[in-house]
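Engineer: using only what follows, build the 3D model:
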Amino acid sequence: MMIFKNQIILSSIFFLLTLNVVSQQNFVNVPNSEITPKNKHFFQQQVTSTNSTTQLSSSYNYGLGKGIEFGLNIWLINIKYKPISIIANNSNLHEPITPTCMLNAAKQFSLTTDNSITIGGQFGNSLIKPSIKNNLGLTYLNFKFKNLIIEHSILVFGTYYSTKTYGGDGNRFGAWIGVDVPISKQLYFMGESIFGSNYISTSCIGLVYAPVQHIPLTFAIQLPNNKNTITSFVFEITILPKN
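Structural biologist: Numbers count the residues shown, from 1 in each chain. Below you'll find the predicted structure:
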């Protein structure tokens, strides 16, 4: 019970702090290739919890128009419960550098009304100890299909390249897939998988519930696709641009 209370307190504090500052948009970890409209704002706060740690990641995007968005990510703030402290990695290059601050950008090319190609990336450095060896980044190419068989559904698949400082040991090139399938007007099934052997290679399954249309909440279980990570629970709150 104490661990659960710590998670709530830490997550609430961080969420309030980051809202005052007002990544790309993700299913959970896989970019969903939705681009922020021109002059609109997007914010996403992710909380990933195990029985001993909570991991916080935040993303803000601004729409520039013509299918382009630009933003800022504060990524992988790992908080240990006993004692409460931030776990930072600035020297072990076999694992991802954490925590980090990254700039992100994406450009979408429309093929049809429902289909598109998106290229994007995020690049940055250690938030604790910036240095040349702690430069990190991820680039990707995504194909997106909407309303495929089921109306309002989304299917995204693509390929990515990550630096070792971003993904740790394992593959540098990889592939991923993500889906959103409507169950009702306010409830969606969400699933994604990042294929590979590095630290970001995970799968997530869960539900997206939108009590308010532009503020969906995601509840998911994250499962490892590699030997380096463990099963965790993910909660995500997203603030979408209002129509």
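
Engineer: how about low-confidence regions in this protein?
Structural biologist: 1-24 (pLDDT under 70).

Engineer: on the three-state scheme, the most centrally placed residue in the chain is what?
Structural biologist: Centroid-nearest residue in the chain: Asn29, 3.9 Å away (criterion: Cα atoms, centre = their mean). Using DSSP: H, G, I helix; E, B strand; the rest coil, the structure places Asn29 in coil.

Engineer: helices of the protein, residue ranges please.
Structural biologist: Under the criterion DSSP state H, helices of the chain are mapped to 2-19, 164-167.

Engineer: thinking again about what came up before, for the residue nearest to the centre of the chain, give me its contacts.
Structural biologist: Asn29 is in contact with Trp176, Glu192, Ile194, Ile200, Thr202, Cys204, Gln222, counting by Cβ atoms under 8 Å, 6 or more residues apart in numbering. Where you see a C-beta, it was placed from the backbone N, CA and C, and this is true even at glycine.

Engineer: just Leu141 next, same as before
Structural biologist: Contacts of Leu141 by Cβ under 8 Å, 6+ apart are Ile117, Thr118, Ile119, Gly158, Thr159, Tyr160.

Engineer: now with 7 Å?
Structural biologist: Ile119, Gly158, Thr159 (Cβ atoms under 7 Å, 6 or more residues apart in numbering).

Engineer: please apply the same query to Ser126.
Structural biologist: So Ser126 contacts Asn90, Ile97, Thr100, Asn134 (Cβ under 7 Å, 6+ apart).

Engineer: let's see that with 10 Å instead.
Structural biologist: Neighbouring residues of Ser126 by Cβ atoms under 10 Å, 6 or more residues apart in numbering: 88-91, 97-101, 133-136, 165.
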